[in-house]
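Chemist: Fold the following and give me the result.
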Amino acid sequence: MLEAQLRSRLLWLALALSAVATLWGLLRSPSSVLVALPGIALSVLLFRDRRLASKRASSQEMEAPVRSSPAAPPQFEGGIHELLVSARRLFQADYVEILVLPQKQDGPVHRNVSSRQGESLMLAEPLVETDELALEAIRRSGRQPVVVTGDAADPDLLRVLEARGLRNGIIGILMASRGDLGIALVGDLAAEAGELGAADSTVFATFCGHASVVLEIAWLGQSLAELTEMKERLHHQAFHDALTGLPNRVLFSERVAAALDRSRSAGSDYGPTVLLLDLDNFKIVNDTWGHAAGDDLLVAVADRLRLAIRPTDLPARLGGDEFAVLLDDISPGVGAAAAERISLIFTEPFHVHDRSVVMRPSVGIATAERNISAEQLLRNADEAMYEAKADEVRHVASYEPESHAATRRRGAFSSSSTTRSNATRSNYASSPSCRSRMGQSRRSSHSSGGLTRRTV
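Modeler: Numbers count the residues shown, from 1 in each chain. Okay, here's the model as predicted:
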């Protein structure tokens, strides 16, 4: 320290002597100034070099290694780093600590320290005894900063300094509208014993107020970020399948409706294509290997389905072992091409719980016609899918309005025939002749002791 001061004074003396020599030379002989110029230039270079060295030393001290918690909120780290650096410069302190109290019950505190050994930001630690002593002592003082020097200070606060290896310090509390935020401490200040007093306490109170505002804004920013994240997470859960992560039936139906609206706006005769997939014999796997294996198989099916389609296509899980794909494309044959890719990639066996199984899907294809609704398009794909199940070779079928209309007419005729047959039986059972025969049968049964005799 004394050596550095001596070098500084000698440097200033050299500059002063050079200035005097230059002035004397100007008075005696202007040409003699040339003799003094080298000395002046050397002094200026030495002075500049010393200033740069001083700045580098200060920068190196402030840019000591930084240790940070991986889970620390980024908005906290930046603000607290600036607070630590400002406090060290303002109070010429070798040690600054900002302790952030937990925002949730039984949560950890977050300790932030800047010293000659480096900087630690938002390190989660338990609240230790000396932290509690500091809090209680500051609260006893009316929440005003307390200067701690010498043996006359509060014994509890002396223990706080001793635990950190500090010889002096100022301790204050960080407050917000909702309560205490934490503790601020500066230690090993450059001032000698007895020089710290009320003025330093007032300045530190101002610093604590500024730090409290920074922390409260950071907490508010974090809370808003958490609320936004929660909202996005809930929105994702409402429109996506929890097991596979694929869009669910609600989101898929909305996207189909939106694609239909776009095709109508463009005046196209045809709209998007929907593929409906149902896994053949999935129930056997689920019942034989268990539901956990079934769930893993569904996840693997979803992953493979993503690989089989284009980036512009939308896959979805509608429920159970039923999947769907939206092809927002009016190109001819786009549905058949997609179904072929899916069928091909599903020929490879799935490996689930150390077992292998080939899980082939039945694929129904339906292309939107003019003025069709999203619900009807999905029903058409469902009908085609059931027709694909009957095709034991290709397992793929396209919805054809004429053939499926005939199928529906046959189904309606069969249903009406069954209804007429049931009605005929009901009318006969209620007729007088039927009731008479049933009465005779009951009387015969009663006369024989309730047993029906058979004549051989």
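Chemist: all strands for the stretch 101-250 of the chain, in order.
Modeler: Applying DSSP state E, counting those that start in this stretch to the stretch 101-250 of the chain gives strands spanning 109-115, 118-125, 146-149, 168-176, 179-189.
Chemist: Check which helices and strands the second one sits against.
Modeler: Packed against strand 118-125 by the contact rule (3 or more Cβ pairs under 8 Å, 6 or more residues apart in numbering; DSSP states H and E) you find strand 66-68, helix 74-91, strand 109-115. Placement of C-beta: from N, CA and C, glycine included.
Chemist: following the longest one, which helix or strand shows up next?
Modeler: Spelled out, it's helix 74-91. Scanning forward in sequence from helix 74-91 by DSSP states H and E, the next helix or strand is strand 93-100.
Chemist: Sketch out the low-pLDDT regions of the chain for me.
Modeler: Residue ranges of the chain with pLDDT under 70: 1-76, 151-152, 192-194, 219-227, 402-456.
Chemist: Can you check which helix is longest in it?
Modeler: helix 198-239 (DSSP state H).
Chemist: Give me the helices and strands touching it, please.
Modeler: If contacts are counted by 3+ Cβ pairs under 8 Å, 6+ apart, helix 198-239 sits against helix 74-91, strand 146-149, strand 168-176, strand 179-189, helix 249-265.
Chemist: Figure out which of those is closest to residue 286.
Modeler: Of all the helices and strands packed on helix 198-239, it is helix 249-265 that lies closest to residue 286, at 20.1 Å by Cβ to Cβ.
Chemist: The closest one versus helix 198-239: what angle between them?
Modeler: Interaxial angle, helix 249-265 versus helix 198-239 (axes from the mean of the first three to the mean of the last three Cα atoms, to 10 degrees): 70 degrees.
Chemist: Who are the packing partners of helix 249-265?
Modeler: helix 198-239, strand 270-279, strand 314-319, strand 322-327, strand 361-369, helix 374-390.
Chemist: Look up how far residue 395 lies from residue 112.
Modeler: According to Cβ to Cβ, to the nearest Å, residue 112 stands 63 Å off from residue 395.
Chemist: Of those two, which one has the most company?
Modeler: Per other Cβ atoms under 10 Å, whichever of residue 112 and residue 395 has more neighbours is residue 112, with 25 against 21.
Chemist: who are the neighbours in contact with the more buried one?
Modeler: Taking Cβ atoms under 8 Å, 6 or more residues apart in numbering, we find residue 112 in contact with 80, 84, 97-100, 120-123.
Chemist: out of those residues, who's nearest residue 149?
Modeler: For the contacts of residue 112, the residue nearest residue 149 by Cβ to Cβ is residue 97; the value is 17.3 Å.
Chemist: what sits opposite the spatially closest residue to that closest one that is not a sequence neighbour in the beta ladder?
Modeler: The shortest distance from residue 97 to any non-neighbouring residue, by Cβ to Cβ, 6 or more residues apart in numbering, is to residue 185 (4.5 Å). Beta-bridge partners for residue 185, by DSSP bridges, are residue 97, residue 171.
Chemist: Same list, the helices and strands packed on strand 118-125, but as CSV with distance to residue 215 please.
Modeler: Shown next, in CSV, are the helices and strands packed on strand 118-125 (distance: least, Cβ to Cβ, whole Å):
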stretch, distance to residue 215
strand 66-68, 17
helix 74-91, 7
strand 109-115, 10
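Chemist: of all the strands of the stretch 101-250 of the chain, which lies closest to residue 282?
Modeler: In terms of Cβ to Cβ, the element of the strands of the stretch 101-250 of the chain nearest to residue 282 is strand 118-125, at 45.8 Å.
Chemist: Direction included, what does that closest one pair against?
Modeler: Strand 118-125 is paired, per DSSP bridges, with strand 66-68 (parallel), strand 109-115 (antiparallel).
Chemist: now the last one against strand 93-100, angle please.
Modeler: Direction vectors for strand 109-115 and strand 93-100, defined by the same axes, to 10 degrees, enclose an angle of 170 degrees.
Chemist: Restricting to C-alpha, output strand 109-115 in PDB.
Modeler: Only the C-alpha atoms of strand 109-115 are listed here, as PDB (Å, rounded to 0.1, in the frame of the first residue of the first chain):
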ATOM      1  CA  VAL A 109     -33.700 -19.000   1.200                       C
ATOM      2  CA  HIS A 110     -31.700 -17.800  -1.700                       C
ATOM      3  CA  ARG A 111     -28.300 -16.500  -0.700                       C
ATOM      4  CA  ASN A 112     -26.400 -14.000  -2.900                       C
ATOM      5  CA  VAL A 113     -22.800 -13.100  -2.000                       C
ATOM      6  CA  SER A 114     -20.100 -10.900  -3.600                       C
ATOM      7  CA  SER A 115     -16.600 -10.900  -2.100                       C
END
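Chemist: buried stuff in that strand?
Modeler: Buried residues in strand 109-115, counted by 16 or more other Cβ atoms under 10 Å: 109-115.
Chemist: Going by distance to residue 258, which of those residues wins?
Modeler: Using Cβ to Cβ, residue 110 comes nearest to residue 258 of these, at 45.7 Å.
Chemist: My read is that the closest one contacts residue 124, right?
Modeler: Yes: the pair residue 110 / residue 124 is scored as a contact, 5.8 Å apart, by Cβ atoms under 8 Å.
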